[in-house]
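> heads up, no residue letters with this:
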């Protein structure tokens, strides 16, 4: 499950970067970034 969260987080960060630098799509991009950061933090907390 932790590996899946990490993969989702990486994908969301990539989409955020594409959206931010390519399209400036607005608030949804920042929501994706927050979700990705939460997933990474959960992985770090659970592995510690």
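That came through, no problem. Please read all numbers here as calculations on a predicted model, not as lab measurements. Numbering: from 1, shown residues only.

> quick one: contacts for the spatially most central residue of the chain?
Nearest residue to the geometric centre of the chain (C-alpha atoms, centre = their mean): residue 36, 2.1 Å. By C-beta atoms under 8 Å, 6 or more residues apart in numbering, residue 36 lies in contact with 8, 9, 10, 12, 13, 16. (Each C-beta comes from the backbone N, C-alpha and C, glycine too.)

> which of those has the weakest pLDDT?
pLDDT across the contacts of residue 36 is lowest for residue 16, at 74.

> so where's this protein shaky on pLDDT?
1-2, 20-27, 29, 48 (pLDDT under 70).

> can you show me the strands along it?
For the chain, applying DSSP state E gives no strands.

> returning to what we had before: as CSV, the contacts of residue 36 with neighbour count and distance to residue 44 would be great.
Listed next are the contacts of residue 36 as CSV, based on neighbours: other C-beta atoms under 10 Å; distance: C-beta to C-beta, whole Å:
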residue, neighbour count, distance to residue 44
8, 15, 15
9, 20, 10
10, 13, 14
12, 21, 16
13, 17, 15
16, 21, 19
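
> chain neighbours aside, what residue packs nearest to residue 35?
Among residues not flanking residue 35 along the chain, residue 12 sits closest, at 5.8 Å (C-beta to C-beta, 6 or more residues apart in numbering).

> mind listing what's buried along the longest helix along the chain?
Determined from DSSP state H, the single longest helix within the chain is helix 27-47. For helix 27-47, burial by neighbour count (16 or more other C-beta atoms under 10 Å) applies to 29, 32, 33, 36, 39, 40, 43.

> for that helix, the distance to its chain's centre please.
Relative to the chain's own centre, helix 27-47 is displaced by 5 Å; criterion: C-alpha atoms, centre = their mean, to the nearest Å.

> please convert the buried residues of helix 27-47 to JSON lines, extending it with distance to residue 4.
Formatted as JSON lines, the buried residues of helix 27-47 follow (distance: C-beta to C-beta, whole Å):
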{"residue": "29", "distance to residue 4": "22"}
{"residue": "32", "distance to residue 4": "17"}
{"residue": "33", "distance to residue 4": "19"}
{"residue": "36", "distance to residue 4": "13"}
{"residue": "39", "distance to residue 4": "9"}
{"residue": "40", "distance to residue 4": "13"}
{"residue": "43", "distance to residue 4": "10"}
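
> okay then, goodbye and thanks.
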